[in-house]
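S.K.: what's the 3D shape of this:
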Amino acid sequence: MLNFKMNERVLDIVYNGKTVFSIDPYKPAPIEVGKGENSYSMSHGSFKIKERVAERLKVKISDIKAEETEAVIETVYGTVKLEILDGKRIKADFEGFDGFNRMWLTLPSSKDEFLYGSGEIFSEFNLKGKNANIWVAEHINALQIGKKLVKQVVGIKNTTRKQAFKKYETYYAQPTFISSNKFFYHSLATARSEFDFTKDDISVIKTDEIAPFYIGFGEDFADLMNNLTAILGRQPELPDWVYDGHILGVQGGTDTMLKKLETAEKYGIPVNGLWIQDWEGRRVTAVGKQLFWNWEWDSELYPGLDEKIKELNAKGVKVLGYINPFLAVEKPLYKEASEKGYTVKNKDGEDYYVTITTFPAAMIDLTNPDAWEWIKGVIKKNMIEFGLSGWMADFGEYLPTDCVLYSGEDPELVHNTWPARWAQVNREAVEEAGKLGEIMFYTRAGYSATPKYSTMMWCGDNHTDFSIDFGLPSVIPAMLSLSVCGYGVSHSDVGGYTSFFNLKRSEELYMRWCEMNTFTPVLRGHEGLNPDLNAQFDASEAVLKHGAKMTQLHKALKPYIKDAVKENSEKGLAAIRPLFFHYDEKEAFEEAYEFLLGRDILVAPVLKQGATERTVYLPKDNWVHIWSKKEYKGGKVTVSAPLGEPPVFVRKGSAVLDLINK
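M.R.: Predicted coordinates for the structure are as follows:
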């Protein structure tokens, strides 16, 4: 249990009889405050941020008073109130501190501490030694893609090279981290934050506002995540049908959709869903086949879809769609929203157009209660009543800091919350329709409230290659970093999404990605940004047979995966887990490219083009290789990994072996 104890004038924070932090009024306080301002430049969702700190002041403590579960720290600038909740976490609140909009919190650290979090991170898992910028943005920008394509044209194709972490941006940012010392930090700030983990002996957390925060503790990592998700909220269990096969990513019209389904069924691929992202229309741009963002059924592209949905549902095949918080300026829904004042404005009072790739779009103002109810009504009528069983709830990263919102709120303080608000709209629509547990939606962007509103994340929009920073390998640290931030149900597009010119999906990449996603909660495909460039599920007989094998295995794992998702829903212990959640070994804390599915399955996807084996780290336990049935007791092992046999191990004695061997 956690408690406060006064040791003369020193405040000790004690967990299970051990002092974990001390606040000494005779020493510099762990908090500094200051004043500053940021300037933002946004292009296609990517931000350049410049900061000017005008003042940074050490906080002098004048008095400390404490009881067992409450403490009051008086300073020259204001009061800090500490309260212990549930015996496991401290909440810090602030009174006073008028005129300040910067805060620095210093926590003790050590060289051998491991630190994880800050949202969804694709290129790293352990952030010790890094400085993480907590700001929601487009993860992949045009400049990065352009440089990559040029290098590939001239023959430079280094898939193991990572871009500098200081250039890193992410769709899902969250001011949360956990430590290998079994404590977490979570801020209630909505402004930009920074986690400076570059020093050996301290961690410095900066928030661009004076905001409450939590520090919590756990007996083990299961207990720690239960404690953290008690604050953040947890994802609900997924609909039962989600586990019954492969959700095919198809598009191009009713006939094409049905022909794709027929092909999959012919080759024995269990299909539980057809995800048609262009249900509302398609536009072809210079970058690929994109969508017309008008959230109504395009009956010309998909004639008879309303009746086909009923027929497909009767045979156990669901139909899924797509939506985002933008509106195509050429279409009727935008005209209606604009006339009613439901769109975000610029400083001249005009609709604020944001360029996404090559075309402008307007944004629904989610601070306007009438606009909120309007778009929620669109979802309920045009998607749920129409018969869709799920959808991709895309975007949320693009709110400009120079816009004008209906609520009058400062967009700099609202920006990070935008994707969470978007998830909330979708969640309310599903719940108000009485369909939670039948319908699921998956989001790309997120912030602190996303774990309690979204039903699933997907790690998009990955490159269609084996590159460690943006391709297949990047999905693993992304899922793991989400899991330590309280989001335990995630997946990715089979084969990736981003494809241009010579950046295109091979059959091998598709199959390796399918193998990885077989061992995630949802197996779902995507044709990609440029479908004609990419190998699809039906690219060849070999790919079709491989897809059938993997999908049948995924379906066989249904009881096990359902239990893992249920545990996440009830206890906050992620379905996709880092190895150190269950193994206190240095290698487990360092491993970023293997993961546990539930407690008993260890997955080490093949990450290199042309590889037919992989060296795997196995924690000290009794493991069975699911293909050869050979047993291992831990350590580094090299196993054969031909296509169709990714390195996967199960704890000896687990009932899941019976599911796999059926």
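S.K.: so where's the stretch 251-400 of the chain shaky on pLDDT?
M.R.: Within the stretch 251-400 of the chain, no stretch has pLDDT under 70.
S.K.: now with 90?
M.R.: Applying pLDDT under 90 to the stretch 251-400 of the chain flags residues 283-290, 355-359.
S.K.: try the chain
M.R.: Along the chain, segments meeting pLDDT under 90 span 26-29, 44, 140-164, 167, 283-290, 355-359, 500-502, 661-662.
S.K.: make it 70
M.R.: In the chain (pLDDT under 70), the answer is 142-143, 149-150, 152-156.
S.K.: Would you map the helices across the stretch 301-450 of the chain?
M.R.: 305-314, 332-339, 369-378, 411-414, 418-432, 450-453 (DSSP state H, counting those that start in this stretch).
S.K.: Highest mean neighbour count out of those?
M.R.: Mean neighbours per residue, mean count of other CB atoms under 10 Å, is largest over these for helix 450-453, with a mean of 24. Using the backbone N, CA and C atoms, a C-beta is placed for each residue, glycine as well.
S.K.: In terms of secondary structure, what does it contact?
M.R.: On a contact count with 3 or more CB pairs under 8 Å, 6 or more residues apart in numbering; DSSP states H and E, helix 450-453 meets helix 221-232, helix 418-432.
S.K.: could you point out which element follows the first one?
M.R.: From helix 221-232 onward toward the C-terminus, using DSSP states H and E, the following helix or strand is strand 246-249.
S.K.: Output that next one as CSV, nothing but the C-alphas.
M.R.: Taking Å, rounded to 0.1, in the frame of the first residue of the first chain, the C-alpha atoms of strand 246-249 are listed here in CSV:
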residue,chain,number,x,y,z
HIS,A,246,-10.4,-12.7,-42.3
ILE,A,247,-11.9,-9.3,-42.9
LEU,A,248,-11.0,-8.8,-46.6
GLY,A,249,-10.0,-5.3,-47.6
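S.K.: which residues sit in contact with Ile247?
M.R.: Residues near Ile247 by CB atoms under 8 Å, 6 or more residues apart in numbering: 271-275, 318, 320, 522-525.
S.K.: from these, which single one is nearest Asp201?
M.R.: Val522 (42.2 Å; CB to CB).
S.K.: So which of the contacts of Ile247 wins on neighbours?
M.R.: Leu523 (30 neighbours; other CB atoms under 10 Å).
S.K.: SS state for Asp563?
M.R.: Using DSSP: H, G, I helix; E, B strand; the rest coil, the structure places Asp563 in helix.
S.K.: follow-up on the earlier one: among the contacts of Ile247, which are located in strands?
M.R.: Counting by DSSP state E, those place 271-275, 318, 320, 524-525 in strands.
S.K.: and the two most separated of those residues?
M.R.: Lys318 and Gly525 (14.2 Å).
S.K.: Find the nearest non-adjacent residue to Lys435, please.
M.R.: Nearest in space to Lys435, with sequence neighbours left out and distances taken as CB to CB, 6 or more residues apart in numbering, is Ile384 at 6.1 Å.
S.K.: Could you tell me how many residues sit around that neighbour?
M.R.: By the criterion of other CB under 10 Å, Ile384 has 19 neighbours.
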